[in-house]
Each structure stands twice: as C-alpha cells, then as structure tokens.
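In: Okay, predicted coordinates and the sequence, questions at the end:
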Amino acid sequence: MSVTREEVAKIASLARIRMEDAELDRMVPELNNILDWVEQLGEVDTSGVEPMTAVIPNTLRLRDDVVDAIPETSGGRRDDVLANAPAAEHGFFGVPKVIE
Amino acid sequence: MEKYRIQGATGEWEVVIGLEVHAQVTSNAKLFSGASTAFGAEPNTQVSLVDAAMPGMLPVPNRECIRQAVRTGMAIEAQINKWSRFDRKNYFYADLPQGYQISQLYHPIVGEGQLVIEADEKAGIPEDKIIGIERIHVEQDAGKLMHDQHPTMSYVDLNRTGIALMEIVSKPDMTSPAEAGAYVRKLRSILRYVGSCDGNMEQGSMRADVNVSVRKVGSSELGTRTETKNVNSVRFVMAVIEQEARRQVDLIEDGGSVVQETRLYDPDRNETRSMRSKEDAHDYRYFPDPDLLPLELEDSFIEECRASLPELPDAKRQRYENELGLTPYNARELTAEVETFGRFETLLSATASQIGKPEAKVATQVANWALSVAPGVMKSLGDEADPANATAEAQAKILAMQDKGEISGGQAKEIYEHVLRTGGDPEAIADEKGLKQVSDTGAIEEAIDGIIAANGDKVEEYRGGKDKLFGFFVGQTMKAMQGKANPAVVNQILKDKLG
C-alpha cells in the first residue's frame, strides 16, 4: 500500500494541517516508508485468529445517569470552558462566521 | 387511491425513500459526561470538560442511554447486538469541539428490525405495510450555531454537544410522501411509548435526514439519491419528498443527472438546495475510538430492558379491539398518543369500578365520551373551562349516572359543563340543578294516562296497526315530563299501556 502526493495533500487538508510544497515532497516518501514497514505485519498468518479489539482484557465501564456527580465531568463551569477561547461573548464561543 | 407517481414529459416516475431519524435519547446526563441535558439553559452552562474536548478527558458511556437504545431496538423487533463498538467520525466544524463525533459505524448496538404503518385509504396507503429498519446506533449530538447575533462572528453554544442520539436508519422501503409521514408518526409513537425519546420535533428532539431517488415506473434499478438534512416536522418531510422527486425528474428529463449530495430544505420557499460547502464532508475517515472499549451487554441487562417494555401501540390497539370491543377507528385514535391512552385507561378503570361492571362492558361508552363528548364540551366552553376540573373521578361519576339511567346524554353534557367551569361533585350538581331524569314510574304513568285519554283517536289508529304513531306518544310524554323522563322507562310503560 502507498499514498500519492495528491492523497497526502487531501488528508492534510481534511485534518486542517497546512503543508507547503516542500513539506509534501518530504512527507510522501516518509509516509510510504511507514506504510511499507507496517505492511510487514501482513506476513504473519492470522487465519483463524480473532481480531483484537483492545490491548487490555477489560470490559467497558458505564456511568450512572446522574447529573454533575463529579466536578471533572460536570457542567456549570462556563468560565473554565470559555477560558481558552480566542473569542467569547455573552457566554458563547465566537468563531469566524460560518454560514451555509 | 392510486400509487404515488410523478408525471414527467417522458412518462411516469416513482420515488424511493429512506429515512434516517435522529432521536434524542431521554436521559438526565449526556452520553459520555455528567453534564445535564435539560433544554433551554443559558449558553454553555451545561458543558463539561469532556464535552468541550479538553485534553486528557476520557468518555465514559451513560448506562441509561445504552439501555434506552436497547429498549427501542426491542420495540421495533430488532436484533440486539451484545457486542458493539464506538467509532470516530472525523470532520471539522465549529459545533464539534472534538473534531470527531463518537458514533457507531461498523458495529451498531441494534441491527435489523421493522415497524408497521397502518392502512390509510385516504392518504393512499391501501393496506398495512411493513417498513424495514436497517439499524439503530448511538452517537453524540453536536452543538448549536447562531449566525445572526454578530456581524462577523457566529456564536457557539455547546449545551447540546454530547447529548445522546439514536440514529434510526430505515430501509428504502417507502414509495410516497404519505408513507414517509406515516413512518415518522409511527416511529415517534413507539419512541414515546417506550419513553426513550420525547418526540418533540419543535425542540429538535427528533429530526430526519430524507433520502430520495426517482426511477421510471417498472425499473428495478435505484436512481442516484440525494440526502436532505435535518428536517424537523412530518409536514416538511413530506414536502421535501415532493419537491425533491419533482426536481430530480425535471433534471433527468432535461438531459441532466442527479448528483449524490447533501441538501437543505428551506420551508419559506418550499424548496431544497445544495450544501456545496460540504463537498469533502463524506470523507469521514472512520476508525474505532481508542478511548472506548467494545460495549458488551450482559444477559441480565438485556433481560431487564425487555421486562421494562410497556405494551406497545400495535398490541394495545389490538387489545382495545379484541378485548374491549372498541371500533378500529376508536382503538386507533385512543392508542396514537401516550397522553390519550393514559387518560382513557384511567377513566375506564374509574368508570368500571364506579359502575361495578367489567371494563369491557363500559369501554365503548367511555371511548365515545373520551374521544367525542368530553372534548366537544371542553371546546364549546373555551376559556371558561378549567382543565384541572376534568378529573377521572368526576367524569366516571357522570358516566355512572348515565349508565344507571339517572341522567340523559344531554344532561351528562350539561353536568360536565358545570364541572369544568366550577369543579364540584357531579351528583350534587345534578341534584342542585335539577339535571336528572325521572325514572319514577308513578309520575311517568300518570303523564301517559293523561296523554292516552286525550288522544283516543290516535290510540285506536295505533292499535289498528299504525306503528309509527309510537313516536308521537313518546314525544308527547317527554313533553309532558319536560324532557326529563328516562326514555327507556317511557318506552316500556307506553308499550305496556298501548298493548
């Protein structure tokens, strides 16, 4: 498996990462090297082996349906939530106008 | 009624419809955090550090949201997947702080199911129809954007961010706007019976993405479809299908072709338009969310979900018809909404115990009262009626008096008017206002004797075979009794006396 220059440019754009032409020139072979390296795993015969879904033998824990039980995962902390926003007004985040 | 067809210049076209309904799960807290889901709070006051996607925060699923999705799946007779998993759907938008939505693409919690839309001759649905459901998965809702509050900025409120949604994906089994409308109404009814979604479309608790394609009648291939997003009423769902089918037929017949794209509906202009800005939007690069282990459901959890399911709309409707003896129309009207059957069942039980008969014996009387008489009285009074006075107890007493023949149907309405205006005990009102029928045979016999004496000629004619005159005697007796005589008693005594 390998990626083309166009694919790398598109992935960068989807991830909102700006890449200059020189960076793309460098990135394409680097990514393909990584893909080649990972491809080596294909040599292992995994027929009859269940796909691994997690590296720890544990099951998903669930939370109770309780509002604001512990501060770290509670609401009611608007100032904290807005503290790092480049723009905030009247309790809202302000972002450059996005309109359909 | 004929099948839904679009008349084109080159012939007849049919439409193929699939719906993705997003239903907000009824829960106190969000899907992956403890922030409240209450509607209408001040902006960003119900946002936790998890919802705001602060670094280092980890999602932990809310058991109640999982439970509601499973119960909903059971209500549409679907396969429940004991093993499911969450995936990341990646895209950038100002209403999604994580940069991805946690959803379930590859292994949804609920598999294939179905629901039945009922025959509705007038709407062009000649018989009951099964609509297949592909899957239900659980995912996070996004925040809300406001574009009209500032000249250069959009405002973002993340209160809705992270609230649990069920995405309920139908198969492309619908072929007319009416069927799609019936499907949304039926689904909404089931969700509200189950209690997994409040079904409030105005507040956005339920909204639909409408997939539409067209093909020539007789063709078995599917056309290219468009998806119109976030349609928030049954009426608009139907309008989108009409507009979109017409637009696609015109486009194809003019030599163009339908582009698979996302569209928006503009209710003011009643038209759909393309969301060109989302060209890349379908490149979501899904992958399993490494923050979440697979979701495995225990048998005991599944059993509890099943045991907690209420009687569902179809079963209830059948029971109303078969066990309570109601007409199909009454059964359907009463079971359509949770509130309607709730009030009916309370009143039915109160009336049955007041009268001392089994529910099945009084069900028809109660159904007619609940569906037509009581709403009629309420409507005629307008603002003068206080709905708080419309207690099951008062109504049951009125129905019991009517059942015993103490009051007529007209008197029942009059008594109920007084009850709605001022409250109070119906029996006391009936006594006080003289709203009772006379069942006292002595008084009625006296009146009838007088009438027979005064109308000797008519009595002869009646006895000579002119049966129709019976109505005349009933009329005269009721007049003499000022309309308050019990008609059953009057009929009986007249029959005896006239021979």
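Out: In hand now; what should we look at?

In: in chain A, which ranges drop under the pLDDT threshold?
Out: A:99-100 (pLDDT under 70).

In: how about the helices of it, start to end?
Out: A:5-14, A:21-39, A:78-82 (DSSP state H).

In: between the ones you listed, which one is nearest to B:Ala336?
Out: helix A:78-82 (41.2 Å; C-beta to C-beta). Every C-beta, even on glycine, is put in place using the N, C-alpha and C of the backbone.

In: just how off-centre is whichever strand or helix holds B:His418 within its chain?
Out: Using DSSP states H and E, B:His418 maps to helix B:409-422. Centre-to-centre, helix B:409-422 and its host chain are 29 Å apart (C-alpha atoms, centre = their mean, to the nearest Å).

In: residue contacts, A:Ala12?
Out: By C-beta atoms under 8 Å, 6 or more residues apart in numbering or on different chains, the contact list for A:Ala12 reads A:Arg18, A:Met19, A:Leu24, A:Met27.

In: So which of those residues wins on neighbours?
Out: A:Met27 (18 neighbours; other C-beta atoms under 10 Å in any protein chain shown).

In: Quick check: closest non-adjacent residue to it.
Out: Nearest residue to A:Met27, sequence neighbours excluded (C-beta to C-beta, 6 or more residues apart in numbering or on different chains): A:Val8, at 5.5 Å.

In: circling back to that earlier point, return the most buried member of the helices of chain A.
Out: helix A:78-82 (a mean of 17; mean count of other C-beta atoms under 10 Å in any protein chain shown).

In: Skipping adjacent residues, who's closest to residue 25 in space?
Out: I went with chain A, as the question did not name one. A:Arg5 (8.0 Å).

In: nope, chain B please
Out: B:Ala164 (3.9 Å).

In: same deal with B:Ser27?
Out: Nearest to B:Ser27 is B:Glu64, by C-beta to C-beta, 6+ apart, at 4.7 Å.

In: again with B:Arg207
Out: In space, B:Arg207 is closest to B:Asn232, 4.7 Å off (C-beta to C-beta, 6+ apart).

In: What degree of burial does that neighbour show, as a neighbour count?
Out: By other C-beta under 10 Å, neighbour count at B:Asn232 equals 18.

In: show me what contacts it?
Out: B:Met201, B:Glu202, B:Gly204, B:Met206, B:Arg207, B:Ala208.

In: Low-confidence regions, the stretch 151-300 of chain B specifically.
Out: B:276-282.

In: need the residues of it near chain A, please.
Out: Within the stretch 151-300 of chain B, the positions near chain A by C-beta under 8 Å from any C-beta of the partner chain are B:152-159, B:264, B:275, B:277, B:280, B:283, B:285, B:288, B:292-296.

In: If we go by neighbour counts, what in the longest strand along chain B is buried?
Out: Longest strand in chain B by number of residues (criterion: DSSP state E): strand B:11-24. For strand B:11-24, burial by neighbour count (16 or more other C-beta atoms under 10 Å in any protein chain shown) applies to B:Trp13, B:Glu14, B:Val15, B:Val16, B:Ile17, B:Gly18, B:Leu19, B:Glu20, B:Val21, B:His22, B:Ala23, B:Gln24.

In: So the third one sits against B:Asn211, correct?
Out: Right, the one you point to is B:Val15. No - taking contacts as C-beta atoms under 8 Å, B:Val15 lies outside contact range of B:Asn211: 10.7 Å.

In: residues contacting the most centrally placed residue in chain A?
Out: Nearest to the mean C-alpha position of chain A, by C-alpha atoms, centre = their mean, lies A:Ala15 at 8.5 Å. Shown in contact with A:Ala15 (C-beta under 8 Å, 6+ apart): no residues.

In: next one: B:Gln354
Out: So B:Gln354 contacts B:Ala396, B:Lys397, B:Leu399, B:Ala400 (C-beta under 8 Å, 6+ apart).

In: what residues does the strand or helix carrying the last one touch?
Out: Translated: B:Ala400. Assigned by DSSP H and E, B:Ala400 falls within helix B:392-403. Outside helix B:392-403, the residues that touch it by C-beta under 8 Å, 6+ apart are B:343, B:346-347, B:350-351, B:353-355, B:357, B:362, B:365-366, B:369, B:374, B:407-409, B:411-412, B:415-416, B:419, B:423, B:425-427, B:430.
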